[in-house]
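Enquirer: Have a look at this prediction, sequence included:
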Amino acid sequence: MNLRRPLASLALAAAALVPSGTCAFAKDKVPPPKPKTGTSQLAAMPPSEYIHMAVPADYDPKKWYPLMFLLHSLSDDEANSKPEIFVAPWAELLLKRGWIIAAPKSPMYDNETSAAPLADVIKRVSAVYRIDERRVVLVGHNAGGCMAWNLATNYPKLFAGVASFSGEIRDESRGSLKALAGKKVLVFRGAKDRYYTAAMLAQDKAYLEAAKVDLKLVEKPGWEQAMPVPDLPALADWVDGVYPAGAWKDKADAAEQALAAGDFPGAAKALGELASELKKSPYPAFEVKAAAIQTAMVSAVKDNLQAALKAVETDPLDAVARLDAIVKGLKGVKGLEDEAKKALAGLQKLPAVVEAVKKKEAEAAGSSYMEKAAAAEAKGDLAPALALYRKAAALALFSQKDEAAAKVAELEPKVGAK
């Protein structure tokens, strides 16, 4: 069944095309090409003419990237039947969030023959780029939206979520929608769309709810079937929130939030829970993320330690107080707590710190002696008062040493006379 249908003109400038004519690389014979950043074309097998790619400028082959797999619309107007004009507005929003977008140029969509070649495109993209295969979101516009339902129901394990823009669910796909149970699904319709009618939307909604998908419906007032560019920021948020079912993201988020708040024990606890989750159910993308959070935590602790040590130059006691707080904050955090304790022990041996601690202790003891001596003198107990003033005067680092010595000179004749 050919899914071509008319399409309202898009108010979008087509992205510049990379010259075509590249040959598809044969399976198991020619190594895949090197990954490119920005927009480029990747060779594809027929019936796809090529795969239009949009890749973050800072692409790192050591990281894992979620993938938007986009099926463009088809129209009698060839200018509006190219993946570039659909990829460009999505790329502006998603590339900076770390997404890769792949969109095969398809001359037609046929439910009987198109699904398998399109599924193969994802394999080809994954052979070149490091794709998080558990976080692939299928997006189809108009005729591409219709084809998206067929592809998703035939290959449900390939996709974590499906978004269809003005694309109805065909009869042949309805019976298989239960394969998408639990997955995130978004359906968009322009309220003035004459091809994907309100009745079609209501029918699709009923089928999707019966299939128990995680459904989000968006019906835009006054809109027909053009790409809803003004709404893409909010729709990109939905795409960016698609994850496979599991506790990995919650644990990772908890660790990051605790770390941002300086709650190192909380971050360590969440990281431990994430590690347990990964042990039960390995997930490479989150293994990398866990390692990154651990690295960030170690870096944050070291930064705090360095800041505390630097404070010795201006306020040795403040430096001790900061390090002591860090040690207490790292209680139970294996490795980091020991490192902080060693730093604190080393700090406490520094001459400036030793001197500052002695001075603080002298001030505390001298003030106590002076306060008690004054109280005894007020009661007329001159001998005890004199003994306390002598103790205060004997403290070399006491700031009121001279005042205490003066009180000793004053009271000695009086005590001696008695």
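Expert: Arrived safely, thanks for sending. Residues are numbered from 1 along each chain as shown.

Enquirer: Assign Ser126 to helix, strand or coil.
Expert: Secondary structure for Ser126, judged by DSSP: H, G, I helix; E, B strand; the rest coil, is helix.

Enquirer: Which of the helices or strands spans the closest residue to it other than its chain neighbours?
Expert: Once flanking residues are discounted, Ser126 sits nearest to Glu133: 6.4 Å by Cβ to Cβ, 6 or more residues apart in numbering. Bear in mind the C-beta positions are built from the backbone N, C-alpha and C, glycine included. Using DSSP states H and E, Glu133 maps to strand 131-141.

Enquirer: Also Ser40?
Expert: Secondary structure from DSSP H and E places Ser40 in strand 38-42.

Enquirer: I'd like the distance from that strand to the chain centre, please.
Expert: Remark: strand 38-42 is offset 26 Å from the chain centroid, using Cα atoms, centre = their mean, to the nearest Å.

Enquirer: if we can go back for a sec, who touches the strand holding Glu133?
Expert: 64-73, 86, 90, 100, 122, 125-126, 146-149, 151-152, 158-167, 227, 239, 242-244, 283-285 (Cβ atoms under 8 Å, 6 or more residues apart in numbering).

Enquirer: Tell me if I'm right that Val185 and Asp214 touch.
Expert: Yes - between Val185 and Asp214 there is a contact under Cβ atoms under 8 Å: 6.5 Å.

Enquirer: who's more crowded, these two?
Expert: With neighbours defined as other Cβ atoms under 10 Å, Val185 and Asp214 compare such that Val185 has more, 24 against 15.

Enquirer: Could you list the paired strands of whichever strand or helix holds the more buried one along with their orientation?
Expert: Following DSSP H and E, one finds Val185 within strand 184-190. Strand pairing for strand 184-190, determined by DSSP bridges: strand 161-165 (parallel), strand 214-220 (parallel).

Enquirer: Beyond it, next helix or strand please.
Expert: Later in the chain than strand 184-190, the nearest helix or strand by DSSP H and E is helix 198-210.

Enquirer: From the contact counts, what lies against that next one?
Expert: strand 184-190, strand 214-220 (3 or more Cβ pairs under 8 Å, 6 or more residues apart in numbering; DSSP states H and E).

Enquirer: Give me the buried positions along the last one.
Expert: The one in question is strand 214-220. Residues of strand 214-220 classed as buried by neighbour count (16 or more other Cβ atoms under 10 Å): Leu215, Val218.

Enquirer: which residues touch that strand?
Expert: 182-191, 201, 205, 208-209, 228, 231, 235, 238.

Enquirer: mind listing what's buried in the helix or strand following that strand?
Expert: Per DSSP H and E, strand 214-220 leads on to helix 232-240 as the next helix or strand towards the C-terminus. Neighbour-count burial for helix 232-240 flags Leu232, Leu235, Ala236, Val239, Asp240 (criterion: 16+ other Cβ under 10 Å).

Enquirer: So which elements touch the longest helix along the chain?
Expert: If you go by DSSP state H, the chain has its longest helix at helix 351-379. Contact partners of helix 351-379 among helices and strands, from 3+ Cβ pairs under 8 Å, 6+ apart: helix 316-329, helix 336-348, helix 382-393, helix 401-417.

Enquirer: between these, which gets nearest to Ala255?
Expert: helix 336-348 (13.9 Å; Cβ to Cβ).

Enquirer: the inter-axis angle of the closest one versus helix 316-329?
Expert: 160 degrees (axes from the mean of the first three to the mean of the last three Cα atoms, to 10 degrees).

Enquirer: Just the element for the most centrally placed residue in the chain, please.
Expert: For the chain, the residue sitting closest to the mean C-alpha position, by Cα atoms, centre = their mean, is Asp253 at 7.0 Å. Per DSSP H and E: Asp253 is located in helix 248-260.

Enquirer: right, and the helix or strand after that helix?
Expert: Next along the chain after helix 248-260, taking DSSP H and E as the criterion, comes helix 264-280.

Enquirer: List the buried residues of the helix or strand following that next one.
Expert: Using DSSP H and E, the helix or strand that directly follows helix 264-280 along the chain is helix 284-310. Residues of helix 284-310 classed as buried: 285-286, 289-290, 293-294, 297, 300-301, 304-305, 308-309 (neighbour count, 16+ other Cβ under 10 Å).

Enquirer: Throw those into CSV and include pLDDT and distance to Leu397, thanks.
Expert: Formatted as CSV, these follow (pLDDT from 0 to 100; distance: Cβ to Cβ, whole Å):
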residue, pLDDT, distance to Leu397
Ala285, 94, 59
Phe286, 95, 56
Lys289, 93, 52
Ala290, 93, 50
Ile293, 92, 46
Gln294, 88, 44
Met297, 88, 40
Ala300, 86, 36
Val301, 85, 34
Asn304, 82, 30
Leu305, 84, 28
Ala308, 81, 24
Leu309, 82, 24
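
Enquirer: For Pro384, state which of those is nearest.
Expert: The nearest one, if we look at the buried residues of helix 284-310 relative to Pro384 and count by Cβ to Cβ, is Ala308, at 42.6 Å.

Enquirer: what residues are up against the closest one?
Expert: Contacts of Ala308 by Cβ under 8 Å, 6+ apart are Ala319, Arg322, Leu323, Ile326, Ala343, Leu347.

Enquirer: Find the nearest non-adjacent residue to it, please.
Expert: Excluding its sequence neighbours, the residue lying closest to Ala308 (Cβ to Cβ, 6+ apart) is Arg322, at 3.8 Å.

Enquirer: how close does that neighbour sit to Gln348?
Expert: Arg322 sits 13 Å away from Gln348, going by Cβ to Cβ, to the nearest Å.

Enquirer: Who has more neighbours out of these two?
Expert: Arg322 (21 against 15).

Enquirer: Look up the closest residue to Trp90, ignoring the ones flanking it.
Expert: Ile101 (5.9 Å).
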